[in-house]
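> Could you work out the structure for the sequence below:
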Amino acid sequence: QVQLVESGGGLVQAGGSLRLSCDASGRTFSNYAMGWFRQAPGKEREFVASISGSGGMTFYADSVRGRFTISRNNAAKNTVYLQMNTLKPEDTAVYYCAAGRYGSRPNDYDYWGQGTQVTVSS
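Residues are numbered from 1 along each chain as shown. Next up, the predicted model:
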């Protein structure tokens, strides 16, 4: 079992930045790929970014590539980060982190956090 807790969401103006964190506890953190997903009101949950267990591979949705960066700290902290730059109003959503196997589908992930709200004002 893996427990995930997101933090770092908030309200930011368009063009601004936020860094989301996801703290993991439970089983060996490096055994799991980690992903970030988001869900806007009335929309399906969509993939944002993923990172392999070692951190050596990353993958991004086209909508965020070049603006968002996923990273992880397997050593000192069992934490995965999502650095979000040049934010746009369409990035407004609840952001979820997930642990599982490396991929872009929700079904690739077994464990989910409770989500953190990101709101980008125009």
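> can you give me the strands for the protein?
Listed in chain order, the strands of the chain (DSSP state E) span residues 2-7, 10-13, 18-26, 33-39, 46-51, 58-60, 68-73, 79-84, 93-100, 109-112, 116-121.
> What count of nearby residues applies to residue 15?
Using other CB atoms under 10 Å, the number of residues around residue 15 comes to 11. From N, CA and C alone the C-beta is placed, and that goes for glycine too.
> With the one 3 residues further on instead?
Here the number of neighbours of residue 18 (other CB under 10 Å) works out to 21.
> got the contact list for it?
When contacts are counted by CB atoms under 8 Å, 6 or more residues apart in numbering, residue 18 is found next to 8, 9, 10, 12, 84, 87, 118.
> before we move on, what about residue 77?
Going by CB under 8 Å, 6+ apart, residue 77 touches residue 23.
> roughly how far apart are it and residue 55?
Summarising the geometry, the distance separating residue 77 from residue 55, computed by CB to CB, to the nearest Å, is 13 Å.
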